[in-house]
Structures are given as structure tokens and as C-alpha cells.
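Undergrad: how would this look folded up:
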Amino acid sequence: MKKIGILFLTLFLNLNLSYSQTESEIDSLLTGISETENSKGIIKTEQAEKIKEFGEKSLIVLAEFFTDSTLTKVKSDCHNRNLTKGEIAIIIADRIEGIPYFTVFRIQNCTLTFCENNPNRVEYYLGGNNEIIQERYMD
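TA: Model (predicted):
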């Protein structure tokens, strides 16, 4: 019985440590992406590729960053302003698994007229209340 308890404790600690490592690693990668000049280049960065390699397991961690309002150097031509770290996390999450726009943002552009030549389809929808977006996304 004692061996089983030690086994569960070890597994539990390993899961917690690996989760926090992933969170800090994703935070570091998002910070690296924050140095990109234009939002069109976000998905082409080495850091974005690394986050995408984590796959679906990174989505929960990325969602935690949705509300990060830290202003970055990334310029959005769609909104004529710089993006926040949270908005970059939303763009990366959308590239890993498409966000159901109507469910999360409560609007949908049915004409498919997104920002000209911008590979980040979700960028069109950014600029709302990221706390609500995070809540809807997590649901």
C-alpha cells in the first residue's frame, strides 16, 4: 500500500512540474514572438513553431495568457495598433486548433473578408474583452 502511495505522489509531482515547465516555456516563447515587427509574421517565427509542436496540450496554457494585456512590438495592420501578449496567444491557439469564432466572439464574418493578405484569420475578431473570450474559450 505504501508503494502505491509513493507511486501516485511521484506521478502527481511529475505532472505538476511538467505543467509549470510548459507554462514558463510557453511564456518565454510568447515573449520571443512579441519582438516580431508585424502580426503577419507571428506564425512564421521559430517560437510559434515550437508552441505548435506542443499540440493540443498547449491550448489550456495558451488560454491562460489570453488576458495578458502586456503591450508588444507586434503591429497589427488590421487594427492599426500593437497587439497584446494575450492577443498573440489567441492567434497561436487558433493556429493549433481553429477557434469557433461565433461561439467565442459572438460574431462571425460570413463574407470571409478578413484583413488583406493576413494569415491570422482570428486577428479580425481581436479587440474585445479578453476575460470573456477566455471564459468562452475554456467552456
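
Undergrad: so which residues of the protein form helices?
TA: Assigned by DSSP state H, the chain shows helices spanning 2-33, 46-54, 59-65, 85-96, 101-105, 130-138.

Undergrad: make CSV out of the ones you listed and add distance to residue 119 and mean pLDDT.
TA: Backbone N, C-alpha and C define where each C-beta goes, glycine included. Formatted as CSV, the helices of the chain follow (distance: least, CB to CB, whole Å; pLDDT from 0 to 100):
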stretch, distance to residue 119, mean pLDDT
helix 2-33, 14, 66
helix 46-54, 11, 91
helix 59-65, 18, 92
helix 85-96, 9, 91
helix 101-105, 16, 75
helix 130-138, 20, 82
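
Undergrad: looking at these, which is buried most?
TA: Among the helices of the chain, helix 85-96 has the highest mean neighbour count (mean count of other CB atoms under 10 Å), at a mean of 24.

Undergrad: send me it as CSV with only the CA atoms.
TA: What follows is helix 85-96, C-alpha atoms only, in CSV (Å, rounded to 0.1, in the frame of the first residue of the first chain):
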residue,chain,number,x,y,z
LYS,A,85,0.7,39.3,-25.4
GLY,A,86,-2.8,37.8,-24.8
GLU,A,87,-3.8,38.5,-28.4
ILE,A,88,-0.7,36.8,-29.7
ALA,A,89,-1.7,33.7,-27.5
ILE,A,90,-5.1,33.8,-29.2
ILE,A,91,-3.6,33.8,-32.7
ILE,A,92,-1.3,30.9,-31.8
ALA,A,93,-4.2,28.9,-30.3
ASP,A,94,-6.3,29.5,-33.4
ARG,A,95,-3.4,28.0,-35.5
ILE,A,96,-3.2,24.9,-33.3
